[in-house]
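**Q** Below are the sequence and a predicted model; questions follow.
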Amino acid sequence: MKIGIIGGGQLGRMLALAGTPLGQQFAFLDPAPDACAAALGEHLCAAYDDREQLRQLAEDADVVTFEFESVPAETVAFLEQHVPVFPNAESLRIARDRWFEKSMFRELGIPTPEFADIQCQADLNNAVQNIGLPAVLKTRTLGYDGKGQKLLRQPEDVIDAFAELGSVPCILEGFVPFTGEVSLVAVRSRDGDTRCYPLVHNTHEQGILRLSVASTEHPLQAQAENYAGRVLDKLNYVGVLAFEFFEVDGGLKANEIAPRVHNSGHWTIEGAECSQFENHLRAIAGLPLGSTAKVGESAMLNFIGEVPAVAKVTAIPDCHLHHYGKEFKPGRKVGHATLRCTDAAVLQSRIAEVQALID
C-alpha cells in the first residue's frame, strides 16, 4: 500500500519509519526542497494547493493523510474527490480554526475557557470588558508553538493588539489558572474502534513543548477519554487525534485538538506497545488497531535549535535519540529523546541527565 502524506517534516518522516515495516510505501507533497521526510519516499516538491501535483499524489497513493493542520482544508476537500483521505476535510476545517474548534467543544458539552470571536479592535475591546484580564488573543488559524498569540495582562496591552497580530480574524480566550497541562492521544479506526494512550503531563517554555511524561492511572483519564470520544464520533474521525487540556479545580478544560500525530505522543515510539505513528497508519489503512498500553515509565524531551552530541545522548541508559535530519536553527524542533525506564524514580533521574545536555 502507498500512503500519500501532505507535508514532509519530522511527523511525516516518523510516519514513514513506522510504516516501512508494515510494507507501506510513501509519497510526500511539500514545497520545501530540503523536506526531511523526503529520504523515506517520493518527494513531490510543490505548493499545497498545486492541483496538478495533488492529482499526481491522488493517482499514486491508495490513501492520503496530512502531518499538520496548516494544510488548506480546500486541499483535502479536493483530494477527497479522487482518493480516500483521513482525517476528513471537515475535521481539518474545524481543527485549524480556533473559533470553530471552541464552538464545537461548547456544542458537545466539553468545558472550555471563556472565549469570543474577534474581527476588529472594537470586538476585542468589548470582549475584554466581558471576559476580563488576563486573557490571550490568538489568531484563529495558523498559530502554533506560541506563535500568533499575545498575552493581555493590563489594559494597555489591549491597545492595538488586533493590529499587532496582523488584523486577521482572532479569538480571545480567558486566562485559565491551571495546575497542569495534559494531553490525550487517541486513535479511531475506519470502523469506529477507539483506543487511547495514557494522559501525558506537558511542560512548555515560551509556548514550545519541552517535556512530556506519560502518566500511570491518572485520575482524569476517564474524563479525557470521554471528551475525546465525543469529538471523534462527532467528526467521524479516522486516525490519531491529540487533545490538549488544562487541569483546573480537579477537572479538565479543553485547550485545543490537533488532527494528526502529535509531539506529546512521541514517547509512544519506545514507550507503548504500538506507537501513535503505527496506529495512525493502521487506522487510515483499514488495519486493526494496536495496543496503546504503556511499556515501563516513559518521557520525551524535545531538542530545540540543535541536537546535543550524539555520543553524549546515546551514552545515557534507557535513552533513545530521534534526529530529524533538519538544519539547526534557533527555535526549531530538530530532534527528540525518548526515555523508557523500569520505574518512575529512574525516569526522573534520566530526565535530569538529558536536560543537562540541553541547558
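**A** Done, it's in.
**Q** ok now stretch 99-108, how far from the chain's centre?
**A** Computed by Cα atoms, centre = their mean, to the nearest Å, the chain-centroid distance of stretch 99-108 equals 18 Å.
**Q** Name the nearest residue to the most centrally placed residue in the chain, sequence neighbours excluded.
**A** Geometric centre of the chain, nearest residue: H262, 3.4 Å, by Cα atoms, centre = their mean. Among residues not flanking H262 along the chain, A242 sits closest, at 3.4 Å (Cβ to Cβ, 6 or more residues apart in numbering). The way it works is simple: take the backbone N, C-alpha and C, and place the C-beta from them, glycine included.
**Q** give me the element that neighbour is part of.
**A** According to DSSP states H and E, A242 maps onto strand 239-248.
**Q** Let me know whether A337 touches A315 as I believe.
**A** No - counting by Cβ atoms under 8 Å, A337 does not reach A315; the two are 11.7 Å apart.
**Q** Looking at these two, which has the bigger crowd around it?
**A** Shown here are A337 and A315; by other Cβ atoms under 10 Å, A337 has more neighbours (29 against 11).
**Q** What residues of stretch 74-86 count as buried?
**A** Going by neighbour count (16 or more other Cβ atoms under 10 Å), the buried part of stretch 74-86 is 75-76, 78-80, 83-86.
**Q** same question, stretch 95-106
**A** 95-99, 101-105.
**Q** residues in contact with that stretch?
**A** 69-71, 73, 93-94, 111-112, 115, 117, 138-143, 169, 171, 173, 231, 234, 254, 256-259 (Cβ atoms under 8 Å, 6 or more residues apart in numbering).
**Q** try 6 Å this time
**A** Stretch 95-106 has contacts (Cβ atoms under 6 Å, 6 or more residues apart in numbering) with 69, 94, 112, 115, 117, 138, 140-141, 171, 254, 257, 259.
**Q** Over to stretch 28-46?
**A** Defining contact as Cβ under 6 Å, 6+ apart, one finds that stretch 28-46 is touched by 5-8, 10, 12-13, 16, 26-27, 47, 53, 57, 324-326.
**Q** how far does it stretch from start to finish?
**A** 10 Å (Cα to Cα, to the nearest Å).
**Q** Quick one: distance of it to the chain centre.
**A** Its chain's average C-alpha position is 20 Å from that of stretch 28-46, according to Cα atoms, centre = their mean.
**Q** what's the answer for stretch 88-106, then?
**A** Using Cα atoms, centre = their mean, the offset of stretch 88-106 from its chain centre is 14 Å.
**Q** returning to that earlier point: quick one: contacts for the residue nearest to H262?
**A** A242 makes contacts with 183, 185, 258, 262, as judged by Cβ under 6 Å, 6+ apart.
**Q** Where does pLDDT dip in the stretch 1-150 of the chain?
**A** 144-146 (pLDDT under 70).
**Q** hmm, try it at 80
**A** 143-147 (pLDDT under 80).
**Q** All the helices of it, residue numbers only.
**A** 10-19, 51-60, 73-80, 89-95, 98-107, 121-131 (DSSP state H, counting those that start in this stretch).
**Q** how far does the third one sit from the chain's center?
**A** Relative to the centre of its chain, helix 73-80 is centred 20 Å away, using Cα atoms, centre = their mean.
**Q** That helix packs against which elements?
**A** helix 51-60, helix 89-95 (3 or more Cβ pairs under 6 Å, 6 or more residues apart in numbering; DSSP states H and E).
**Q** Kindly calculate the angle that it makes with helix 51-60.
**A** 40 degrees (axes from the mean of the first three to the mean of the last three Cα atoms, to 10 degrees).
**Q** List of residues touching helix 73-80?
**A** 48-49, 54, 58, 64, 85, 89, 92-93.
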